[in-house]
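> All I have is the shape, not the residue letters:
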Ligand code: PMP
C-alpha cells in the first residue's frame, strides 16, 4: 500500500460493504455488483487513476468521456474555491445573473461555430437534451407550425437517461424500462457499417443509412417533422464512426425538408476529435448543439445547449417567457470550473495537442486490428473501438450471449491496468486529450495483452 493510503484505515472490503449497503449504481446490476464488490477509486492524476488497493490504472475512457485536461488539475479546484468564497450559489431566474455565467456564455459564443452565439445552461447532457425537445417544439410553435412536433433520432443513439434523453436515445433496453419513448420521437437506422452494413461497401451503406432519414420524413409527413438529432460519432453506442458519405447526405436532407439539425456534442465537443467541435470535423451547421462533459472536463457538473442565431432570434424576439430552467442552470461554481477548464484548453493548446497525438494513437490502435479476436479496429480523433469477433473476417458471425465476451475483456483490461469500456462485444477508448506518446504506447501494449488474455480464456473454454 502506498503512502497516500496509509492514513486511511478503512480497507477496500469495508468500503465495498458500505457501498453495497446503501448505493444503487447507475447502469449497473447492483445485485450482481454487490456480490462481487465495486472497485473503489481514490485518486486521479493526469491520465491515471488510483484505486483503494494502490493500483494505478491508465484511464483510457477519460472518466466517462469527459476529463479532457486529465485528472487532478489544481487550478480548477482553486478557481472553484475562489468562486465559492465570493458567491457559492445564486440562480439565473427572475431577472438576475452573475459574472461567471456571463463570462462563460460569452466565451462559449466565441469558441463555438460562428452562428452559435447563445447558450442555455443545464446541469448535464441529459438535461441539455430535455431542453432540446422543449426548444425544438416551441420553436415551431413560434413559427406558426405547431404540427411540427416529431423529432427523428437513430437506433442505438445515446442522448441521456432522463425521460426525455432516454426517449431521444435509441437504446431499446432503456425504452423497455419506464414505458419509453415519449410520443413524437421516431427512429431511423444508425450508420453502423461493421454491424449492419451487410453486402454494401461503407460508402454505399452511408448513403443508404442517410436516405432512411428522408424515407422516414416522407412516411410521417414532412409537415410533422421538427428536427433530426444525432451524435457526430455515436459514443455510448460503440464509437460508431459513420462512413464519409453519411453526413453530407444528411445535411442535404435536413435542408430539403426544413427541419432543425440537432448535433449532440456532449462527447465530441471540446476537442475530442482534434477540433473544438465534431461539427467542424464533419462540416455541420447545427441549429441546436447540446454540450456537457468536456465543458468542465467533468470537474463539476455543467452542460448547456448552444443555440443558433436562427433559433435564438425567434425565442428572444417572438418567444415571450420560456417556461423552462433548472435550479443549477449557470451555477456559479460550475461556471468557474468550466471557465478555468476552457482557459487550460486554450492556453495550453490542448485541442491542438489532441490533433497532434491522434495520428500516433490511430497507428497504434489500428495495429491491434491484426489480432485474431479483432474484426475491426476503428478510430477518429481520440475515440476508438475494437470489434471482437469469433470468426474473423466474418462480420456477421458474432459471439453468443452478446456482451459476455466484451465484459470479460473489460475485466482483463482492468487487471492489466487499463480502463477500456465494453459496449456489447466491442472495446472502447477515449483517453484524456493530454495523453502523451509514452502513454499511448502503454495503452496499446496493455490493450494487446488484454486481447491475448481474452483469446487465451476463450480458447481454454473451447469457444474459439
Ligand atoms: N448525449 C451524449 C452524446 C452522451 O454521450 C451523454 C452521456 N454519455 C449524454 C447525452 C448524457 O449526458 P449526462 O450523462 O451528462 O446526462
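Structure's in. What do you need? Model, not experiment: these values are computed from the prediction.

> rest of the way, CA atoms for contacts and neighbours
Noted.

> Which residues of the stretch 1-150 of the chain lie near the ligand?
Residues of the stretch 1-150 of the chain found near the ligand (CA under 6 Å from any ligand atom) are 124-126.

> Closest one of those residues to residue 299?
Nearest to residue 299 among those, counting by CA to CA, is residue 124 at 12.3 Å.

> Contacts only, for the residue lying closest to that closest one once chain neighbours are set aside.
Once flanking residues are discounted, residue 124 sits nearest to residue 303: 4.6 Å by CA to CA, 6 or more residues apart in numbering. Listed by CA atoms under 8 Å, 6 or more residues apart in numbering, the contact partners of residue 303 are 121-125, 127-128, 290-293, 295.

> Could you do residue 84 as well?
332-333.

> next one: residue 354
By CA under 8 Å, 6+ apart, the residues touching residue 354 are 271-274, 381-382, 433-435.

> helix, strand or coil for it?
helix (DSSP: H, G, I helix; E, B strand; the rest coil).

> okay, the residue nearest to residue 124: pLDDT?
Looking at residue 303, its pLDDT reads 98.

> count of residues packed around residue 53?
15 (other CA atoms under 10 Å).

> With residue 47 instead?
When counting by other CA under 10 Å, one arrives at 25 neighbours for residue 47.

> Report the contact partners of it.
So residue 47 contacts 58-60, 62, 70-71, 431-432, 434-435 (CA under 8 Å, 6+ apart).

> Below-threshold pLDDT in this protein: ranges please.
By pLDDT under 70, the low-scoring segments of the chain are 1-9.

> mind giving me the domain ranges of it?
Using automatic domain parsing, the domain parsing of the chain gives 39-69+350-460, 75-347.

> ok, for the residue nearest to the spatial centre of the chain, nearest residue in space, not its chain neighbours?
Nearest to the mean C-alpha position of the chain, counting by CA atoms, centre = their mean, stands residue 267 at 3.2 Å. Counting by CA to CA, 6+ apart, residue 267 lies nearest to residue 65, which is 6.2 Å off, once chain neighbours are set aside.

> right, and that neighbour touches residue 296 too?
No - if you go by CA atoms under 8 Å, residue 65 and residue 296 don't touch, sitting 11.7 Å apart.

> just to revisit the earlier point, so what's the residue count around the residue nearest to residue 267?
By the criterion of other CA under 10 Å, residue 65 has 24 neighbours.

> and if you look at residue 192?
Residue 192 has 21 neighbouring residues, counting by other CA under 10 Å.

> That one: what's it in contact with?
240-242.

> Could you give the backbone dihedrals for it?
When quoted as degrees, to the nearest 10, the phi and psi of residue 192 stand at phi -100, psi 90.

> Distance check, it against the ligand.
Using CA to the nearest ligand atom, to the nearest Å, residue 192 is found at 16 Å from the ligand.

> do residue 31 as well
The value you get for residue 31 to the ligand, if CA to the nearest ligand atom is used, is 22 Å.

> ok so that residue is a helix residue?
Yes - Residue 31 forms part of a helix when assessed by three-state DSSP.

> if we can go back for a sec, okay, the contacts of residue 354 in CSV with secondary structure, distance to residue 195 and neighbour count next?
Shown next, in CSV, are the contacts of residue 354 (DSSP: H, G, I helix; E, B strand; the rest coil; distance: CA to CA, whole Å; neighbours: other CA atoms under 10 Å):
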residue, secondary structure, distance to residue 195, neighbour count
271, coil, 27, 25
272, coil, 24, 28
273, coil, 23, 27
274, coil, 26, 25
381, coil, 21, 23
382, coil, 21, 26
433, coil, 28, 30
434, coil, 31, 22
435, coil, 30, 26
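
> so which of those residues comes closest to residue 37?
residue 435 (29.8 Å).

> and the nearest residue to that closest one once chain neighbours are set aside, backbone torsions?
Leaving aside its chain neighbours, residue 435 sits nearest to residue 47 (6.4 Å; criterion: CA to CA, 6+ apart). Residue 47 adopts backbone torsions of phi -90, psi 10, taken as degrees, to the nearest 10.
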